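Student: Pasting a predicted model and its sequence here:
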Protein chains: 2
Amino acid sequence: MSNPLLLRNVRPLEGEAQDVLIRDGHISRVGPALEAPEARVVDGRGGILLPGLVDAHTHLDKTHWGQPWHRHSAGPTIAERIANEREVRRRLGYSPAEQSANQVRQAIAMGTTHIRTHVDIDTDVGLAHLEGVLATRERFRDALTMQIVAFPQSGLLVRPGTRELMAEALRAGADLVGGIDPSSMDRDPVGHLDSIFALADQQGRGVDIHLHEPGMLGAFALELIAERTAALGMQGRVTVSHAFCLGMVDDAYLEQLTTLLIDNRVAIMTHGPGHIEFPPVRRLLDAGVTLCCGSDGIRDSWGPYGNADMLERAMLVGFRSGFRRDEDLEDTLGIVTQGGATVMEAEAYGVAPGCRADLVVVAGETRVEAMMNRAPRIAVINNGRLVAANGDCLI
Amino acid sequence: MSNPLLLRNVRPLEGEAQDVLIRDGHISRVGPALEAPEARVVDGRGGILLPGLVDAHTHLDKTHWGQPWHRHSAGPTIAERIANEREVRRRLGYSPAEQSANQVRQAIAMGTTHIRTHVDIDTDVGLAHLEGVLATRERFRDALTMQIVAFPQSGLLVRPGTRELMAEALRAGADLVGGIDPSSMDRDPVGHLDSIFALADQQGRGVDIHLHEPGMLGAFALELIAERTAALGMQGRVTVSHAFCLGMVDDAYLEQLTTLLIDNRVAIMTHGPGHIEFPPVRRLLDAGVTLCCGSDGIRDSWGPYGNADMLERAMLVGFRSGFRRDEDLEDTLGIVTQGGATVMEAEAYGVAPGCRADLVVVAGETRVEAMMNRAPRIAVINNGRLVAANGDCLI
């Protein structure tokens, strides 16, 4: 268990300046001019205290972060990009353990305390990516909370043997069952979804499905997902990632889909894509849908964007949503904090006494200013331990 | 005239490392291991040498940059935002001279050497904003090239007296004639455009028109603009800013509009908006249309976004365009460099001997990596003078 920490001069959620005493990995007291002679003192320099940022969707195993620049040349379809990825992976031969550690260090430096990562499981790489990411999870176990989704990137039914590998991945340490585009990838929406929900049910796991399918095709998959969530009593344990279709259907149908999501407590992950319609954030939040956000792929064979900074990601979601009012942008910050924490079932998440000390201190006058500035991270604390300071990961 | 400068160890457009000797405000030699004992030496640290970045559309007079955070609460329509702006302006009472200087310093620090700014001219503020920005232009005359567009933000015909103020603004130092949404703002597309083109013709100035009008309404205005450009022989001197309509019309009509733009050498400015359709960058570049890019409003009463970093702006244009290939992103960088320079008629722009020494050195392996990283600016040179180093404006 970590030693006591006294975080001086921070403004919880941009409130009045306070000191925060951290013991046994939790916030023990919050108040002015606290004394704790035995505690290590960290100067918060008047920064804003936020709960740790949550990157609820990324691909740690595939980033090129920290490696020489890779020129992108893949074609525009998902199938072309998957084929290109396989070719690039073989050619570059990067280690998933090393690469995932590179991104984790960058994420910690930027104030992320929780990551849900999808990890490729297929008949080409087998469990090699998972083993690398599991090694990274172990290596950073005191510095970051990580959930791993076993992700059939190349399809499930169309690549026989993948389902067995997925089951093996769950036994080996993956936490959740992933899926992808049940119609357009596996050519069998019912078969694909029945297969992954059965796996989740058998092993008592949550589900997180990549759904890029547009318009009515994607919306149909959402309906099937909600039906299976209800049938298996998996409310609150299912996330649909991307769900571009929610930004493409008409208002009346959107309302029906929103009701399905709420009734079955299905969460939606959006990373704020640049070039495609995406879920209507304001409307879903107002309806009470749980939203989370993630980096998605960072500088990998899919594209050159991203930097593991969830404040920047929140800014991009706001930018893409047309948000200008502080209220809307504060709610967007809520997506990369409480929203992600809900999806990841983070315990005792927050900045109040009793909460787990997973915290970030950012420079700035207000939370929204900090988002807009992608403000310097003064300190990052995970489970009561100082893991980054002044933008540098200390682990 | 500035003293000689020897810029050591830079990679022009990511080529081999070279030294660059700068005399009399121009690049005099480029080569390995140059000697010039009389020159001040600047260490480029192996960074990429680019021509200075061009912010071809911003609103220097209205930024809140450097001031306490302002909470945004305006409604969603342009009319509501203009009314809100007037109220906020009165309440906050910032000085256009001081505010424009704040943004200019930030822009210089980020490697911008050329700015085209629109400045509000209306019957409410009169020429007060112009006077402030003219003072800033004078103050930074050796550190930045600035063009000023007299901009009738609140409408031209609908606010009698504005046209006379515009003419006065041009005599007082504004360079170009601005305009805005001739149908939706002034309720008279022909009247509005005839008025601003007549003013430009009388005084021999270029034109730069804000065109937010969507779909066919905006496209009709584009046609009227092209007709007037042709009739007055103003080819190459007209820019249409935003032109969202180009992202909204069908393919066949887009081709007709593109031909009109090319035939009349009308340039298009896009800032890569977050929430609305915008001009199809790849298609317009392929057709040969001149594109430029700008910050638009930075942290003002219109919205909280922006930081005067044109590398970030280029990244956002690429992000919004769905660009992932390096070729496409290099062309996007071309929009914030050569494209803007063409629109601003910058003389001898580039990184070859004989070019004006308006330069920026950015850290990184490739130009696209530098865009993605919004990489540190090692040095910024304007007219042969070191104006920023390591991210700090020296002026």
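Tutor: Arrived safely, thanks for sending.

Student: which residues sit in contact with the residue nearest the centre of chain A?
Tutor: With distances taken as C-alpha atoms, centre = their mean, chain A has A:Ala56 as the residue nearest its mean C-alpha position (1.2 Å). By C-beta atoms under 8 Å, 6 or more residues apart in numbering or on different chains, A:Ala56 lies in contact with A:114-116, A:239, A:269, A:292-294, A:339-340, A:343-344. Quick note: C-beta positions are derived from backbone N, CA and C, even for glycine.

Student: Please confirm that A:Leu134 is located within a strand.
Tutor: No: residue state for A:Leu134 (DSSP: H, G, I helix; E, B strand; the rest coil) corresponds to helix; a strand is not indicated.

Student: picking up where we left off before, now, which of the contacts of A:Ala56 sits nearest B:Ser184?
Tutor: B:Ser184 has its nearest neighbour among the contacts of A:Ala56 in A:Cys293, at 34.6 Å by C-beta to C-beta.

Student: The closest one contacts A:Ala314, doesn't it?
Tutor: Yes: between A:Cys293 and A:Ala314 there is a contact under C-beta atoms under 8 Å: 6.6 Å.

Student: Quick check: neighbours shared by the two?
Tutor: By C-beta under 8 Å, 6+ apart, the residues touching both A:Cys293 and A:Ala314 are A:335-336.

Student: any idea of the mean pLDDT in the longest helix along chain A?
Tutor: If you go by DSSP state H, chain A has its longest helix at helix A:215-231. Average pLDDT, helix A:215-231: 98.

Student: Point out the other helices and strands that that helix packs with.
Tutor: If contacts are counted by 3 or more C-beta pairs under 8 Å, 6 or more residues apart in numbering or on different chains; DSSP states H and E, helix A:215-231 sits against helix A:189-203, strand A:207-211, strand A:238-242, helix A:251-263, strand A:266-269.

Student: In JSON lines: those, plus mean pLDDT, mean neighbour count and distance to chain B.
Tutor: Putting the helices and strands packed on helix A:215-231 into JSON lines (pLDDT from 0 to 100; neighbours: other C-beta atoms under 10 Å in any protein chain shown; distance: least, C-beta to the nearest C-beta, whole Å) gives the following:
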{"stretch": "helix A:189-203", "mean pLDDT": "98", "mean neighbour count": "19", "distance to chain B": "26"}
{"stretch": "strand A:207-211", "mean pLDDT": "98", "mean neighbour count": "26", "distance to chain B": "18"}
{"stretch": "strand A:238-242", "mean pLDDT": "98", "mean neighbour count": "26", "distance to chain B": "15"}
{"stretch": "helix A:251-263", "mean pLDDT": "98", "mean neighbour count": "15", "distance to chain B": "17"}
{"stretch": "strand A:266-269", "mean pLDDT": "98", "mean neighbour count": "26", "distance to chain B": "18"}
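
Student: just so I know, which of those lies nearest A:Pro76?
Tutor: Nearest of the helices and strands packed on helix A:215-231 (C-beta to C-beta): strand A:238-242, 16.5 Å.

Student: show me the residues around A:Thr162 that make contact.
Tutor: A:121-123, A:152, A:154-156.

Student: Now tabulate the helices and strands packed on helix A:215-231 in a markdown table and tack on distance to B:Arg86.
Tutor: Shown next, in a markdown table, are those (distance: least, C-beta to C-beta, whole Å):
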| stretch | distance to B:Arg86 |
| --- | --- |
| helix A:189-203 | 54 |
| strand A:207-211 | 45 |
| strand A:238-242 | 41 |
| helix A:251-263 | 34 |
| strand A:266-269 | 39 |
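
Student: Which of the ones you listed sits closest to B:Ala74?
Tutor: Across these, B:Ala74 has its closest neighbour in helix A:251-263 (24.4 Å, C-beta to C-beta).

Student: counting contacts, what elements does that closest one pack onto?
Tutor: With contacts defined as 3+ C-beta pairs under 8 Å, 6+ apart, helix A:251-263 has these neighbours: helix A:215-231, strand A:266-269, helix A:281-287.

Student: Buried deepest among these, which one?
Tutor: Across these, averaging neighbours per residue (mean count of other C-beta atoms under 10 Å in any protein chain shown) puts strand A:266-269 on top, at a mean of 26.
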